[in-house]
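In: kindly generate the corresponding structure for this input.
(one chain, ligands or ions: 1)
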Amino acid sequence: MKWHKSRILAVLLVTLMLLAAGCSGCTPDNGQIPDTDGKRQKPPAQSQYALPVEPGEKKVPARLVAATVTRVVDGDTVIVRLQNGKSETVRLIGVNSPESTREVEPYGKEASAYTRSRLDGRRIWLERDVQERDHYGRILAYVWLEPPGGVDPAEDEIRSHMFNTELLLKGYAQVMTVPPNVKYADLFVQLQREAREKKRGLWGLEVKDKEPYYIGNARSKKFHRPDCEYGRQTAPDNRVRFATREKALDAGYEPCNVCKP
Ligand SMILES: [Zn+2]
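Out: Take a look at the predicted model:
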């Protein structure tokens with residue numbers, strides 16, 4: 001009887017060991033990454049860059065991917081070569097440089113030249129936010145000139161080692177907040193204010209015609225001159241009135257591309 005018991009135990013033990021050994025591959029992994037709202041979505045066709053996001057994960061960790069800049073397209077867009085040899089277009093998150101390609105806006109050439117002087121041929125580290133790519137298929141990233149220490153880097157580290165903030169601080173770009181990629185959005189607005197107060201870069205350009213007030217759209221985070229049709233079309237629930245353009249900018253609103261307030 002006693003022998004029988006220990007034999008049963010031994011069989012159980014072996015069974016457990018087999019189960020444990022087999023289970024390392026048991027985690028459900030269908031190669032899909034969860035969407036921001038919890039639904040599962042297919043990974044992008046080119047997912048070499050992607051790292052899986054844990055379901056229910058709150059903070060998006062600093063997923064740094066090393067890359068080398070092979071070409072600068074304009075102030076806020078570069079082409080990089082990843083470690084796997086693949087070439088990718090990277091759009092910097094949260095900032096918008098004046099146009100210098102299809103259309104040339106004031107300070108566009110300067111912004112483009114600045115980014116070229118700082119990034120061309122340089123090794124950088126890409127940090128993603130919630131969305132990996134925009135609808136043009138470009139990688140959306142915070143560009144680090146030196147990798148930050150942790151997932152939530154200190155402000156001085158962000159100021160001194162992230163290129164997105166460098167563009168804002170030197171006035172080569174304005175804030176452009178596109179949810180859900182808003183990890184550093186509040187700081188970006190603050191840095192833009194600093195650059196504006198010191199009239200750096202594009203903020204030193206002559207002041208445009210002032211309006212008695214401006215219309216903001218709380219949903220698109222854009223602001224307009226009062227007579228802009230896009231401003232007038234803003235749904236009443238989303239309408240925000242700003243006395244000055246500075247107030248709109250400090251609230252994180254971006255000037256409309258059409259009426260250019
Ligand atoms: Zn407008």
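
In: and the longest strand seen in the chain, how far out from the chain middle?
Out: Counting by DSSP state E, the longest strand found in the chain is strand 64-74. Relative to its parent chain, strand 64-74 has a centroid offset of 15 Å by Cα atoms, centre = their mean, to the nearest Å.

In: what does stretch 233-251 give?
Out: 23 Å.

In: list the contacts of that stretch.
Out: 174-175, 189, 192-193, 196, 210-211, 213-220, 223-224, 253, 255, 261 (Cβ atoms under 8 Å, 6 or more residues apart in numbering). (Glycine included, C-beta is placed from N, CA and C.)

In: in helices, which of these fall?
Out: Those of those mapping onto helices are Val189, Gln192, Arg193, Arg196, per DSSP state H.

In: okay, now Ala66: neighbour count?
Out: For Ala66, the count of nearby residues is 13 (other Cβ atoms under 10 Å).

In: next one: it from the ion, what distance?
Out: 40 Å (Cβ to the ion, to the nearest Å).

In: check contacts around that residue.
Out: Leu82, Gln83, Arg123, Ile124, Trp125, Leu126.

In: state the distance from the closest residue to Leu64 other than its chain neighbours to the ion.
Out: Spatially, and ignoring its direct neighbours in sequence, Leu64 is nearest to Trp125 (4.5 Å; Cβ to Cβ, 6 or more residues apart in numbering). The span separating Trp125 from the ion equals 36 Å under the rule Cβ to the ion.

In: my read: Trp125 touches Ala67, true?
Out: Yes: shown here, Trp125 and Ala67 form a contact pair, counting by Cβ atoms under 8 Å, at 7.4 Å.

In: looking at the two, which is more packed in?
Out: When Trp125 and Ala67 are compared for neighbours, Ala67 comes out ahead with 25 against 20, by other Cβ under 10 Å.

In: contacts only, for that one.
Out: Per Cβ under 8 Å, 6+ apart, neighbours of Ala67: Val80, Arg81, Leu82, Gln83, Glu88, Val90, Arg123, Ile124, Trp125, Leu126.
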